[in-house]
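>>> Sequence and computational prediction follow.
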Amino acid sequence: MTVPARRAFDVRRIVVAADSSPQGRAAMEAAAALAGALGVNVEGLFVEDVNVLNVAELALGHQLNVISGQARAFDRAALECELRAEAARARRVLEAFALRQRVSVSFRVVRGRVGPEVIAAAGEADLLVLGTTSRSIGAFGRPGSTAVAAAAGATGSVLLLRYGRTIAGRALVAFDGSEGARLAVEAAVRMTRDREDALTVVLIAPTADTAAQLEADVRRMCAATGTTVRFRHIDALDLPATCRLTHESKADVLILAADSPVLLHRQHGRLLADAGCPVLLVR
Amino acid sequence: MAVPEPLPRELLHRGCDPARLGFRTTDELTPLEDSFGQSRAVEAVRFGVSIRHGGYNLFALGPAGTGKYTLVRRYIEQQAATEPVPADWCYVNNFSEPHKPRALCLPPGRGAPLRAQMERLVEDVRAAISTIFRGEDYAARKQAIEEEFKERQERMFSGLQERAGERNIAVIRTPVGFAFAPVANGETVEPDAFRRLPVEEQEKVKKAVAELEGELQKLMKQVLQWQREERERLRALNREVTSFAVSALVERLKEAYADLSDVLSYLDAVCTDIVEHGSLFMPTDAAGDDGNPMQALQHAFSGPPSFNRYHVNVIVDHSATHSAPVIDEFRPTQPNLVGRIEHVPQFGALMTDFNLIQPGALHAANGGYLILDARKLLMQPFAYEELKRALQSRMIRTQGISEALGMSSTVSLDPEPIPLDLKVVLLGDRMLYFLLSQHDPDFLELFKVAVDFDDRAERTPENDMLFARLVATLAQGKKLRPFAASGVARVLEHAARLAADAERLSLHMRPIVDLLCEADHWASREAHEAVTAEDVQQAIDGQIERTDRLRVRSQEEIARGTILIDTAGDVVGQVNGIAVFPFGGFAFGRPSRITARVRLGRGEVVDIEREVALGGPIHSKGVLILAGFLGERFGRERPLALSASLVFEQSYGGVDGDSASSAELYALLSALGGVPIMQSFAVTGSVNQRGEVQAVGGVNEKIEGFFDVCAARGLTGEQGVLIPAANVKHLMLRSDVLDAVDAKRFRIHAVDTVDQGIEMLTGMPAGVRTPEGAYPPDTVNHAVEKQLAAFAERARAFGAPQAEQKT
């Protein structure tokens, strides 16, 4: 009988969706930090939203300034200039973070629809990093469509950041013994390497014996690292329970396998809205 | 005229008989509790420290080394010990006007506890507020407010988006804001596709976009209003929970200060301020990121928030004081007196607050006594003026020099002045007192009590015993050996010599104390149990030996003939005068040759020293007196047709004083009469126009100076010194001089008049005018008058032809 080769959590290429908004900065900072920790390069991707350019060309109305509320007539040339300036700002920010982490950085500007472009880029990366929150008017912290689409549709791992939250603290990971969950634990261990009391593993097992086996598995995975692990046992895990555990344990990042049962029925949007912290979906 | 006999030894040195002192060593004596010889000063100090009216501050005046500080301090300490401990003073924040810190007065010893309790209060408030803000109740209430506003906005914007969606229009995010665009199948309509739409359709979309833009603008204004409202609701919530936590804690603290209304009002202000500034006490996550950006910046640079605004700066703490304070300020600068306001650099600017107010000596001495050296005070810029201002206003106003002068343009503090009630004692010399009295109109108003220290005391048997007890006291205080009676007697004799008076004792304590210490040193070298007269003498000799290099060199040059001094033979118009050279604490006498030359002239006596600006005014006065004497004695009948010149030979420095005027007159009379003067004598004494010889200073040093020259050449018994009779009471001569006098190898004559002196010096009678108006032949005065008559005749002969021509 042949035993299928186990995949390992291996990140060689990180792509970050770059923009100059606060949560864009948070995403770039986290991406650079991860690249530094994993010893890989980071690549910035800035999408010039073609919808915006179309609106400018339509010249139906005005731009309303987000701070002052003042209306200003559209000017396509000026708008393109503003987009280039925003890209340049984002590039400078990412380069500064990369320099601090001593990692190489590349930067790409593409024009198109933001969601599809970001998801396409995710297909080329082992890890896609982007902000969670929508930048639409009246979104008030709701997950953006791009974030939800990337969480659900990316082919690689996706890290979804939240403005004002760092991933350098405590991590919560769910482990049910599946291949995807094992990858998630590996990712969690690597992110919390050499830190005490930084990792909580939720063991999803119907019996105590199974939980003990899972715990032993995790301990083996952590053996070579200095990470200390706290375990919690739960019979079954659904989305509300996951979010509750995240809050209770004051986790700074939730790490799940992308094929986790928690995300059945494509509940990615709800997870991002209710988790209250950055989420790493491991594939 | 009777020539004075040489003075006997008894008149040359008034010794102290140890047997008369009545003790063996000073161990048998009770220490002197009171001061010696300063009864006037003591009474003044007692009066000054006890009178309780404004302006009765003290100025202790007298020469250095008279024990001013010791005496004043002792009496002030005695008085202070009977007076209550004054209040503690603190500076606290003035929350309504932070640049004007409040001064709080508390009973002694209660300032420091208030400081500690305020620190504890801040800690308690932090803990309480932290607990409240981290609690679920607070989080729930806060979240409820936030959710309420969030929902309002969501409802509004969702409504807008729905209304836009109904018209197939979407809200698009642009780099700087928002815009509306038509959509089809979830995507914005391409420009080309839009242009292909019928014009009516396009206009409809344009109209819808315009309406939605207007609506969005209204919404954004509304959102700003809601955000303000939300912040106010959150602030009110914070105030409510903070107030609940703080008021109970502050009320508990107020119970401890129920008797102090100022403290109570301060605590009320603290309570209000904490509620207003509750965010300072909140956990960082609860404070949120919507706070003051400068506060966030400050936090980033300087770490966690500081609670300095609630500190208590105790500037006067009498918790360990048992009576009224007695403070010495040895460096009375303006800041050291009235305090100073320190600054710390912060973000490149110098910042300050009430915690950086530092007290001065006036704060420390408030309610007690402050002792200052007047000279040091006057040498410090603005220190005396600030002291006067404080005493006049009876307030301590802490202010930097630059603020006081209006030179500072930066914001600084203006602390509330503190009431001042103290006595200041200035210590200084008499000249300083007189100068201040003369030139400072405020001085006598503020320093009404003059504590005048004497520098000498009468030498009576009672005072001799007091002096002995003083020696005992000083020896005990300095942990010296006891002094034997002989040692005390020698010290006492030395005190008389220091006073330059056989009938007085010097009250300069510093040289006396030095002598005692050095005598003790020599006694220890000799393993004496008690300090003897020999030890004291060795100390005196040692002091002289260490400082008499110039005297020795001067004597050497006389012995070698470089400086011309005759001590034998007779010379016309030449006499030995004696000058005194002070050198630090040591003075010595040295003979100087004085010569006079006369010629035909118009009656003037030329002082060569004055002509070359080497003579001082008193010396010039002495010379003019000589002219007066000559005119009175010899110029009544005919004009003085002489010109005389007088000079201190080989004198290259300045000459002042009139103590050589008798010597100059002797030289002049000798020159006029052609009568030689015996060079075996030296002369000192001033003279008046009536020919009376008057007392001079430094008579002991002068006699010893000429004695040393003669002794070096060999004493003949002919050598001696003529001194004014009025100086006999000042004689405290060295033992070797006394021995020479005893052996009739040196003599000292006291003269009352110039005639007595000239007879001594010339061996010729001075001569008294007969009833006929002439001096008898073979007298000095006769010879002088004869010469002056000859000058007058010659002058008349020279002047006659001219007079005839005129007529």
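Good, I have the coordinates.
>>> Every contact and neighbour count from this point should use C-alpha atoms.
OK.
>>> Now do the strands in the stretch 51-200 of chain A.
With strands called from DSSP state E, counting those that start in this stretch, the stretch 51-200 of chain A shows them at A:62-65, A:71-73, A:105-112, A:127-131, A:157-161, A:171-175, A:199-204.
>>> Identify the spatial nearest neighbour of B:Arg167, chain neighbours not counted.
B:Ala208 (7.4 Å; C-alpha to C-alpha, 6 or more residues apart in numbering or on different chains).
>>> hang on, the earlier thing: export the strands of the stretch 51-200 of chain A to CSV and tack on mean pLDDT, mean neighbour count and distance to A:Val40?
Converted to CSV, the strands of the stretch 51-200 of chain A look like this (pLDDT from 0 to 100; neighbours: other C-alpha atoms under 10 Å in any protein chain shown; distance: least, C-alpha to C-alpha, whole Å):
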stretch, mean pLDDT, mean neighbour count, distance to A:Val40
strand A:62-65, 82, 22, 39
strand A:71-73, 83, 14, 43
strand A:105-112, 93, 16, 9
strand A:127-131, 90, 30, 11
strand A:157-161, 90, 28, 15
strand A:171-175, 92, 27, 21
strand A:199-204, 91, 23, 23
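>>> just checking, what packs against the host helix or strand of the residue nearest to B:Arg167?
Using DSSP states H and E, B:Ala208 sits within helix B:199-255. Contacts defined by 3 or more C-alpha pairs under 8 Å, 6 or more residues apart in numbering or on different chains; DSSP states H and E place helix B:199-255 against strand A:62-65, helix B:111-134, helix B:136-166, strand B:177-184, helix B:261-276.
>>> interface residues of chain B facing chain A?
B:150, B:153-154, B:157-158, B:171-181, B:187-191, B:194, B:205-206, B:209-210, B:213, B:217, B:220-221 (C-alpha under 8 Å from any C-alpha of the partner chain).
>>> Report the buried members of those residues.
B:150, B:153-154, B:157-158, B:171-175, B:177-181, B:188-191, B:194, B:205-206, B:209-210, B:213, B:217, B:220 (16 or more other C-alpha atoms under 10 Å in any protein chain shown).
>>> Report the residue spans of the stretch 51-200 of chain B with pLDDT below the cut-off.
By pLDDT under 70, the stretch 51-200 of chain B has no low-scoring segment.
>>> which residue does it bring closest to chain A?
Nearest residue of the stretch 51-200 of chain B to chain A: B:Gly177, at 4.4 Å (C-alpha to the nearest C-alpha).
>>> ok, now which ones touch that residue?
A:63-67 (C-alpha atoms under 8 Å, 6 or more residues apart in numbering or on different chains).
>>> Including distance to B:Tyr433, could these go into JSON lines?
JSON lines is the format used below for the contacts of B:Gly177 (distance: C-alpha to C-alpha, whole Å):
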{"residue": "A:Gln63", "distance to B:Tyr433": "86"}
{"residue": "A:Leu64", "distance to B:Tyr433": "83"}
{"residue": "A:Asn65", "distance to B:Tyr433": "80"}
{"residue": "A:Val66", "distance to B:Tyr433": "79"}
{"residue": "A:Ile67", "distance to B:Tyr433": "75"}
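>>> and chain B, which of those residues reach it?
Answer for those near chain B (C-alpha under 8 Å from any C-alpha): A:63-67.
>>> where does chain B have low pLDDT?
If you take pLDDT under 70 as the line, chain B has these spans: B:1-2, B:283-305, B:404-411, B:608, B:800-807.
>>> An error on my part: the question was meant for chain A.
Where chain A drops to pLDDT under 70, the residues are A:1-8, A:135-141, A:194.
>>> Nearest to A:Ala174, out of the contacts of B:Gly177: which one, please.
Ranked by distance to A:Ala174 (C-alpha to C-alpha), those are led by A:Val66 at 40.0 Å.
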